[in-house]
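> my questions concern the predicted model and sequence given below.
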Amino acid sequence: MKALDEFKDKLNHTRPEQWDLIPDIELYMDQVISYMTRQHIGLELDGEENLTSAMINNYIKSGLLPRARGKKYNREHIGYLTAICLLKQVLSVSETGQLLRQQMENCSIEEFYRHYTEILDEEFSKTAEEIDENADDSQLMQLALRMAVSSYAQMLACKKLLALAASEKEEEK
């Protein structure tokens, strides 16, 4: 299956830019949107949401993303947006914000981004290892079911961890 081989190759090799390779010049909104299409694997699945200027503005309004300097965005914005675009596939905007805020309490955006890309690399590589491009349709569907259930269980656990962290912060106040 050529398509499965290509997808597995993307999982193994396509990664967001390393921090030092993200442009260190300020970009306009349309340049940011164009750049972000290269930051994550484009799955080309029906219904996949592309990043828009309205979404970026909403992330700024909700506090997920720092405000632009004038109308220009920098490396930090790209770092935040890279994580936000992935996390919003699993978490709500408020949960994504909570996770990012808690991560940023102990590190800079650069440190967070480096850690985030390390985790992404580990998880994408692990997922690619599970895919047997020689499996028959039945085996692939069993794998798809297992991955879907596993994803759901991990999403529930993530949401519970975030809720527990939020309740502990409330108790501290």
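Thanks, I have the structure now. All values derive from a computational prediction rather than experimental measurement. Numbering: from 1, shown residues only.
> mind listing the strands for this structure?
Taking DSSP state E, the strands of the chain run over residues 27-28, 72-73.
> what's the last one packed up against?
So that's strand 72-73. Counting contacts by 3 or more Cβ pairs under 8 Å, 6 or more residues apart in numbering; DSSP states H and E, strand 72-73 packs against strand 27-28. All C-beta atoms are positioned from the backbone trio N, CA, C, and that covers glycine.
> just give the number of residues close to the nearest residue to Arg69 once chain neighbours are set aside.
Excluding the flanking residues, the one nearest Arg69 by Cβ to Cβ, 6 or more residues apart in numbering is Glu26, at 6.8 Å. A count of neighbours around Glu26, defined by other Cβ atoms under 10 Å, yields 16.
> what of Tyr73?
Neighbours of Tyr73 under the rule other Cβ under 10 Å: 25.
> also Ser151?
Ser151 has 11 neighbouring residues, counting by other Cβ under 10 Å.
> and stretch 145-157, how far from the chain's centre?
17 Å (Cα atoms, centre = their mean, to the nearest Å).
> same deal with stretch 82-93?
Centroid displacement of stretch 82-93 relative to its chain, using Cα atoms, centre = their mean, is 5 Å.
> tell me what the longest helix seen in the chain is packed against?
For the chain, the longest helix by residue count, based on DSSP state H, is helix 137-172. Applying 3+ Cβ pairs under 8 Å, 6+ apart, we find helix 137-172 packed against helix 93-104, helix 109-130.
> related to what we said a few turns ago, quick one, what contacts the residue nearest to Arg69?
Neighbouring residues of Glu26 by Cβ atoms under 8 Å, 6 or more residues apart in numbering: Arg69, Lys72, Tyr73, Asn74.
> same list, the strands of the chain, but as JSON lines with mean pLDDT please.
Formatted as JSON lines, the strands of the chain follow (pLDDT from 0 to 100):
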{"stretch": "strand 27-28", "mean pLDDT": "96"}
{"stretch": "strand 72-73", "mean pLDDT": "96"}
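> tell me the most buried of the ones you listed?
strand 72-73 (a mean of 20; mean count of other Cβ atoms under 10 Å).
> now do that strand: distance to the chain's middle.
The answer for strand 72-73 is 20 Å, by Cα atoms, centre = their mean.
> equivalent analysis for stretch 104-117, please.
Relative to the centre of its chain, stretch 104-117 is centred 13 Å away, using Cα atoms, centre = their mean.
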